[in-house]
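J.: mind folding the following:
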Amino acid sequence: MTTTEAAIHTTRVGELITESLKASEEYQKPIVISIMEPSSGLKVDAVLSRNGLSAIPKAVFDEYRNAPERRKGTSILTRLESLIDHVNRFKDEDSVLFAHDDRKAPRLTAVLDYHSKGAEGSPRFGQHRSVFAFPLSDEWKAWIAADGKKMPMIEFAEFIEERITDIETVEDIDDLSSGIREYIGAARISNIASASKLMELSNGLQIHETSVIKQANKLSSGEGQIRFESEHTDANGAPVDVPGLFIICIPVFAHDGYYRIAARLRYRKTGEGIVFWYDLWRTDLVFDDAFDKACTRVKDETGLPLLVGAPE
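T.: Residues are numbered from 1 along each chain as shown. Take a look at the predicted model:
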């Protein structure tokens, strides 16, 4: 092969290599195409490459829009009034309220863009919501937490002293609900302890912290009497009267109305001393009433249907 022929051959090989590289690049280069859903005619841009087909997410273009395509997001409200205002601001004819009646974590959820009514109604995203988690009051949480809890004498006395402002002095039994009155009658309790009476009990128990229990009796009035034998005196220890029942007046939810609840006071003599506790009467009814009233208020002031449960 002559020098000229060798040069021509080398040039041709280079051209073939260049063409091959160009063809390879063209094969690997992704292209943007439009694909269509046959049933609805919806068109979506997608990228076709040697790795397959992938749709271009709409979020890629969101930052370039002048406004969002639709409302979405969840607003967390901390006052019932704010929930009502927020719902009224954004609701439409298909918005729906959902009430979650869990006594430990009650809440209301408004789905503002809920599905349109009827079997033929248009489906919607359901991504614009208002949520109100009912805040249980500090008083309610304190009394519920200790309900039925057996406490040593001094621990119980300290609890009563700490929560004394929650205890109501009942002047007239007719001021109580019919349910509480029936309960008092069935329990054969003639006296309802006042706040001052319970303070006397608390003080009396603390005085006898180191005393020996001589006798614990239940009286016909429904009250109890505990006689202590002091370490520093003879056997004539002074008795401490224990009321059979008292009334607390507390809100179920923060920033809400107050409810009267009957508390049956109980005690028992054990080998380690005497233990006290109380049993609250039908707190389930109290909770349900407070929850139902709040739900009714939201339903009335927004004009929306209310379902008990959770949205899909």
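J.: contacting residues for Asp279?
T.: Neighbour list for Asp279: 147-148, 263-264, 266 [criterion: CB atoms under 8 Å, 6 or more residues apart in numbering]. From N, CA and C alone the C-beta is placed, and that goes for glycine too.
J.: mind doing that once more with 6 Å?
T.: Residues near Asp279 by CB atoms under 6 Å, 6 or more residues apart in numbering: 148, 264.
J.: check it and give its pLDDT.
T.: pLDDT recorded at Asp279 is 97.
J.: what's the helix or strand for Ile261?
T.: If you go by DSSP states H and E, Ile261 is part of strand 258-270.
J.: gap between Gly148 and Ser196?
T.: Counting by CB to CB, to the nearest Å, the separation of Gly148 from Ser196 is 25 Å.
J.: report the central residue of this protein.
T.: Geometric centre of the chain, nearest residue: Ala105, 2.6 Å, by CA atoms, centre = their mean.
J.: could you check which helix or strand contains that residue?
T.: Assigning secondary structure by DSSP H and E places Ala105 outside every helix and strand.
J.: so where's the protein uncertain?
T.: Residue ranges of the chain with pLDDT under 70: 1-28, 202, 204-241.
J.: all helices for it, in order.
T.: With helices called from DSSP state H, the chain shows them at 3-28, 59-62, 80-90, 138-146, 153-162, 178-186, 195-207, 283-302.
J.: tally of neighbours for Met67?
T.: Quick fix: residue 67 is Ala, not Met. Per other CB atoms under 10 Å, the neighbour tally for Ala67 reads 5.
J.: any buried residues in stretch 188-196, and which?
T.: The neighbour-count check on stretch 188-196 (16 or more other CB atoms under 10 Å) flags 189, 192-195 as buried.
J.: and that stretch, how far out from the chain's middle?
T.: Averaged C-alpha coordinates place stretch 188-196 at 34 Å from its chain's average position (CA atoms, centre = their mean, to the nearest Å).
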